[in-house]
Each structure stands twice: as C-alpha cells, then as structure tokens.
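K.L.:
Mind folding the following:
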Amino acid sequence: MTMNLIADTAATAGDAAQNDHISALKFITCGSVDDGKSTLIGRLLVDSRAVLQDHLAGVQRGGEVDLALLTDGLSAEREQGITIDVAYRYFATEERKFIIGDAPGHEQYTRNMVTAASQADAAVVLVDATKLDWKNPQLALLPQTRRHSLLVHLLRVHSLVFAVNKLDAVEDPQLAFQHIGAALAQFAQDAGIQVAATVPVSALKGWNVVDRHSGWCGYEGPSLLQILELLPNTPADTGLPLAFPVQWVEKFSSSSDTSQGRRVFWGRVAAGSVQPGSAVQVFPSGQLATVAQVLDHARRPTTVGAGESAGIILDREVDVSRGDWIVAAPTQAAVAEDDFDAPAAVPAWPGQREIKATVAWMDNEPLLAGRVYWALHGHRWVKAKVRRVVHRLDINTLAEEDAERLDPNAIGHVELLLQEPLPAAPFSQARVLGSLILVDTASNATAGAVLVN
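P.N.:
Numbering: from 1, shown residues only. This next block holds a predicted model:
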C-alpha cells in the first residue's frame, strides 16, 4: 500500500528536495464534502509552526481552536461551515517550500476545484472513513472522491496521494484502513491512475499528518508531510518544439536600431525553449522569422524554457498580435534524389479545426450538440461549435455511456468544430497546447474545461 512511486521519485528528486529551497511544491486538497480538507491544512500549518499565536487566537470557536477557519476565509464559508472558493496558504519546512490550495468538495463548486488542479504539482484526496461502510471489503467510494480523483488524473496532476481521514473515530481503524485502502487501490487500477501513496491520518489529532504515529492502523510508512517533501514538481514540456502564446506586444518604435524588429512579444513559453537564432513561424499568418533576442522577466538576454516567461524580439518586423502563437519553424520532409514532387514542409504544431476532446462540464446549463461557445486557447479566442456528444463517463463504474448531453459536473467526450484553426495538440503531449476553456457567449461564464485527446 505504501511507497513504490515515492521510492522511485526519491532516486531522481530526493537531492533536489533536500537542496532546492526555491522550487515550491504546489498541491491541492480535494475530496467529498466535510472530509476534513480545511482541518488537514490547518493541522499542517499549525504543526509545522507556520501560524502565529495571535492568528490562532482569532480562529477559535467555543473556546477551542477550529483549524478549518485558518483556510475558510469567506464569511459565507464560516457561516455555513463549508469551503466555497479555493484558499491558498504558504508554508515551508527545512526540506521544502509549499503552496497549498484548499479546494471545495461540493459538486456546485467543481469548477473552482478544476481551476486549482490545473496549476498543481500534486493532489491530496481526502477520504472520510466515517462516511463509508468500512466493515464491508467491497465498500463503495463516495462519488466526489471518484470525481475529484478522475479530474486530477485528467488534468495531468503529476502525483496523487490518498489520505484516509477520521480513522480515530471508527471502532477498528486497522480494518477500516485495510478495506478503504483496497477499494482505493482497485478504483485507481481500473481508472489507470498512478497513486504515490495511501496514508491513514487524523487531521483533528494530527496523527500521521506532520509527525508519524507509528503502528497506527498497521501503517509504518512516512507521514503525509514527509511524503509531500519527496514529491517532484511537474516537469515542464521542454523536450518539444517551441510554442509561445503572445500575451502582450511592447512597442518601442522610436528606436533607431533597424537591424532587428522593434517590438517585444511577451508571454510564457508553453513548450520547448527559445534562444537567439531559432527559426520560428507566426501562427496563424504563417510568416517566417528568426529570433534576434530573448529576454527573461528582468530583461536580461538568455535562453528561456517551457513554463518560464520571456520576451522575444524577431530579426525583422512581422505582424504579430496578442493571441497569436510563435512556434518552431516547419521542418522539411526528407526527399529522395529522384523524387521531383517535393512534399510540403511539416509544421511543428499544425492547425486544427476539428477536435476530439474530454470535457469537464461546469455550467449550470447542460452541454448539447449544436451549441456554440467561445473557446480560449492560450490567449486566442475563437468560436467553437459542439458537433457531437460522444460519451459520458460514469464516475462509479468508469464506463463510457452513450449520451446526447452532459449535465453540470459531468465528464465526457465530445467533438468540437472551431471557426478558425488552432495549434492544438493532445493534452497528454503538451499541457498548454492541449487545453481549452469554453465560455458561454451570453453570460461570459466559464462553461467547461477541455482536454484535447
């Protein structure tokens, strides 16, 4: 049940975890309602001494410290005793820096959880032992536990940890952990989810959260915090051809230097890396150019890789606007000596108008074939029409069911037809190029998160 993935990770990332105090681990806590997510984060903050005494004095309820109030900052959250929006907290140990996102468990706020997971390196999915038929070896997991685990997997969150909470409140915690752990392992296997670890915890009492509670529930592995200290950051997509979405165009046309373009194109590298001398192409215009300079966030000349912000200056004036992409230049296909029909150059990221994708639907109105939405890809907006709803994923059986619509919080497969081509790629290959957001054209509300298949 313990640490196959953690052991593998320690070999490659252990040194970085011990010596690199700059690269923080971004992780979220998710799961069903009232599983103890906010309390767990509060326990992490208190036991790692990241909370001052005067702050603790301000989160008391009935004369006792209520750990959940450390993250439930909205007045509505405190009144209702639930998490509504994602709350971020920061703390550090001697080994690692952390950024925690406390995601809501209610189905109504699934969109907030998806937003947090899209930027996370790891996810801790809490499971409340008291809500399950823990005496039954064939127990059924809660729908939100399944839904959030599937969303974390679909969003390519690099590491997933199951934390079985509230085992101190059941009669036989060891049997409960055994049965719940087996159910989680079976679910993960059926869904193709790789699990870093499954650990028993008591967020209320602090067992196995920061410090180990040796032997409890028959578990002899590391505490949750010790597991998190060893998890790797999400690797950037640096081994791919360059893809750079232009976010802002800076003009300095008063410059007298005509040896290169007189505009800086700013954005964050989505894939690959960019350096002076790189041959590039502008999407969608198709214009070719060469990179003259690359600036980092402090305007220092450098080479910039995926996940980092950069400013690109081209060798000549090229029409580039916000929403365009600067991508690696096409590569010429190999041609035989006696072949007079030379094939066209192969683009690094070809434009797509027809997309097959997995969508996590978050709008209150169902997703139906024929409806038109705004699609945001990088910083480019295009109209997208739902050609067909192919399947709906049953979160309990993981079966693909034929469907004509996707209701709120459903996950399914769809076919989209775009008004203009986009340099989209499979999400499993490139996270940024493989993700889109659908926005309702009337309300401007975020309607769905799209992952290109």
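K.L.:
If you count neighbours, what's buried in the longest strand seen in the chain?
P.N.:
Across the chain, the strand with the greatest residue count (assigned by DSSP state E) is strand 380-393. Applying a neighbour-count criterion of 16 or more other Cβ atoms under 10 Å, one finds 380, 382, 384, 386, 389, 390, 391, 392, 393 buried in strand 380-393. For the C-beta atoms, the positions are set from N, CA and C on the backbone; glycine is no exception.
K.L.:
For the fifth one, give the beta-bridge partners.
P.N.:
Following DSSP bridges, residue 389 is listed with bridge partners residue 414.
K.L.:
Go ahead and confirm it touches residue 402.
P.N.:
No: between residue 389 and residue 402 there is no contact under Cβ atoms under 8 Å: 9.0 Å.
K.L.:
What is the neighbour count of residue 132?
P.N.:
Per other Cβ atoms under 10 Å, the neighbour tally for residue 132 reads 20.
K.L.:
ditto for residue 49
P.N.:
So residue 49, with other Cβ under 10 Å, has 10 neighbours.
K.L.:
How about the secondary structure of it?
P.N.:
Per DSSP: H, G, I helix; E, B strand; the rest coil, the local secondary structure of residue 49 is coil.
K.L.:
just wondering, since we're on it, how far is it from residue 92?
P.N.:
Using Cβ to Cβ, to the nearest Å, one gets 10 Å for the distance from residue 49 to residue 92.
K.L.:
try residue 313
P.N.:
In this view, residue 313 and residue 92 are 37 Å apart by Cβ to Cβ.
K.L.:
Looking at these two, which has the bigger crowd around it?
P.N.:
Neighbours were counted for residue 313 and for residue 92 using other Cβ under 10 Å; residue 313 has more, 20 against 12.
K.L.:
buried set for the host helix or strand of the more buried one?
P.N.:
Assigned by DSSP states H and E, residue 313 falls within strand 309-314. Buried positions in strand 309-314, judged by neighbour count with 16+ other Cβ under 10 Å: 310, 311, 312, 313, 314.
K.L.:
Mind putting those residues into a markdown table with distance to residue 173 and pLDDT?
P.N.:
Below are those laid out as a markdown table (distance: Cβ to Cβ, whole Å; pLDDT from 0 to 100):
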| residue | distance to residue 173 | pLDDT |
| --- | --- | --- |
| 310 | 51 | 96 |
| 311 | 56 | 96 |
| 312 | 57 | 97 |
| 313 | 62 | 95 |
| 314 | 63 | 95 |
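K.L.:
now those residues in a markdown table, with distance to residue 218?
P.N.:
Output for the buried residues of strand 309-314, formatted as a markdown table (distance: Cβ to Cβ, whole Å):
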| residue | distance to residue 218 |
| --- | --- |
| 310 | 51 |
| 311 | 56 |
| 312 | 56 |
| 313 | 61 |
| 314 | 62 |
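K.L.:
Nearest to residue 130, out of these: which one, please.
P.N.:
Distance to residue 130, by Cβ to Cβ, is smallest for residue 310 among these, at 49.9 Å.
K.L.:
Near the residue nearest to that closest one when sequence neighbours are not counted, how many other residues are there?
P.N.:
Excluding its sequence neighbours, the residue lying closest to residue 310 (Cβ to Cβ, 6 or more residues apart in numbering) is residue 304, at 3.8 Å. Counted with other Cβ under 10 Å, the neighbours of residue 304 add up to 22.
K.L.:
Does residue 304 touch residue 298 like I think?
P.N.:
No: counting by Cβ under 8 Å, residue 298 is not a contact partner of residue 304; they are 11.7 Å apart.
K.L.:
got the end-to-end distance for stretch 272-292?
P.N.:
Using Cα to Cα, to the nearest Å, the end-to-end distance of stretch 272-292 comes out at 17 Å.
K.L.:
in it, what's buried?
P.N.:
By 16+ other Cβ under 10 Å, the buried positions in stretch 272-292 come out as 272, 273, 274, 278, 280, 281, 282, 283, 289, 291, 292.
K.L.:
and it, how far from the chain's centre?
P.N.:
28 Å (Cα atoms, centre = their mean, to the nearest Å).
K.L.:
For the stretch 201-350 of the chain, give me the ranges with low pLDDT.
P.N.:
253-257, 333-343 (pLDDT under 70).
K.L.:
I'd assumed residue 184 was in a helix, is it?
P.N.:
Yes: according to three-state DSSP, residue 184 belongs to a helix.
K.L.:
Pick the one among the buried residues of strand 380-393 closest to residue 152.
P.N.:
Each of the buried residues of strand 380-393 was scored against residue 152 by Cβ to Cβ, and residue 393 proved nearest at 14.2 Å.
K.L.:
Give the closest residue to the closest one in space, chain neighbours not counted.
P.N.:
That would be residue 411: by Cβ to Cβ, 6+ apart, it lies 4.5 Å from residue 393.
K.L.:
residue contacts, the one you found?
P.N.:
Residues near residue 411 by Cβ atoms under 8 Å, 6 or more residues apart in numbering: 147, 150, 151, 154, 358, 359, 360, 361, 392, 393, 395.
K.L.:
Could you measure from the most centrally placed residue in the chain over to residue 356?
P.N.:
Compute the mean C-alpha point of the chain, and by Cα atoms, centre = their mean the closest residue is residue 118, 2.3 Å away. Distance, residue 118 to residue 356, using Cβ to Cβ: 20 Å.
K.L.:
where do the helices sit along the stretch 151-300 of the chain?
P.N.:
In the stretch 151-300 of the chain, the helices defined using DSSP state H, counting those that start in this stretch lie at 173-191, 224-230.
K.L.:
From the chain's centroid, how far away is the shortest one?
P.N.:
Centroid separation for helix 224-230 versus its chain: 19 Å, with Cα atoms, centre = their mean.
K.L.:
For that helix, which helices and strands make contact with it?
P.N.:
Using 3 or more Cβ pairs under 8 Å, 6 or more residues apart in numbering; DSSP states H and E as the contact test, the elements touching helix 224-230 are helix 4-19, strand 25-31, helix 37-47, strand 122-128, strand 159-165, strand 197-200.
K.L.:
which SS state does the residue nearest to residue 146 when sequence neighbours are not counted fall under?
P.N.:
Spatially, and ignoring its direct neighbours in sequence, residue 146 is nearest to residue 395 (4.5 Å; Cβ to Cβ, 6+ apart). Classification of residue 395 by three-state DSSP places it in coil.
K.L.:
mind pulling up the phi and psi values for residue 395?
P.N.:
Per-residue torsions, residue 395: phi -70, psi -10 (degrees, to the nearest 10).
K.L.:
and it, what does it touch?
P.N.:
If you count contacts by Cβ under 8 Å, 6+ apart, residue 395 has them with 143, 146, 147, 150, 411.
K.L.:
ok, now residue 121?
P.N.:
Neighbouring residues of residue 121 by Cβ under 8 Å, 6+ apart: 25, 26, 27, 157, 158, 159, 231, 232, 233, 234.
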